[in-house]
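Undergrad: Provided below for reference: sequence and predicted model.
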Amino acid sequence: MCIRDRLGALTAIGASMERYVRCPYAGKLQSPCLQSFIVAPSASGKGILSLIRLLVEPIHDEIRQQVATEVKAYKKEKAAYDVKRA
């Protein structure tokens with residue numbers, strides 16, 4: 001694994017840890033924002049970085065499922081509230 005691959009993996013994993021990693025800065029807790037820009041000549045293997053997303057897809061899918069569950073619960077509670085109010 002070359003430095004390009006490690007940098008891509010670090011960026012993907014770092015982006016997924018945003019809500020869990022915080023550091024104090026200017027009196028406030030800040031979340032890191034990791035980004036990387038890979039500049040290299042054609043045919044130097046930059047395309048392999050598109051597979052890095054496979055590292056974070058399970059995290060993304062879990063978050064989407066949690067959000068869907070919470071939205072469903074919210075809608076159910078709101079419907080019950082609206083019935084009581086009417």
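TA: That came through, no problem. Residues are numbered from 1 along each chain as shown.

Undergrad: looking at the chain, which helix or strand is least sure?
TA: Across the helices and strands of the chain, the lowest-confidence element by mean pLDDT, DSSP states H and E is helix 3-16, at a mean of 75.

Undergrad: So which elements touch that helix?
TA: helix 53-85 (3 or more Cβ pairs under 8 Å, 6 or more residues apart in numbering; DSSP states H and E). Quick note: C-beta positions are derived from backbone N, CA and C, even for glycine.

Undergrad: list the helices and strands the helix it packs on packs on?
TA: helix 3-16.

Undergrad: quick one: buried residues of the helix it packs on?
TA: Judged by neighbour count (16 or more other Cβ atoms under 10 Å), helix 3-16 contains these buried residues: 4, 7-8, 11-12, 14, 16.

Undergrad: Can I get it in CSV, CA atoms only?
TA: Provided in CSV are the C-alpha atoms of helix 3-16 (Å, rounded to 0.1, in the frame of the first residue of the first chain):
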residue,chain,number,x,y,z
ILE,A,3,1.2,6.7,0.6
ARG,A,4,-1.6,7.7,-1.8
ASP,A,5,-3.7,4.8,-0.6
ARG,A,6,-3.0,5.5,3.1
LEU,A,7,-3.8,9.2,2.7
GLY,A,8,-7.1,8.3,1.0
ALA,A,9,-8.0,5.8,3.7
LEU,A,10,-7.1,8.3,6.4
THR,A,11,-9.3,11.0,4.8
ALA,A,12,-12.3,8.6,4.5
ILE,A,13,-12.0,7.3,8.1
GLY,A,14,-11.3,10.8,9.5
ALA,A,15,-14.4,12.2,7.8
SER,A,16,-16.5,9.5,9.3
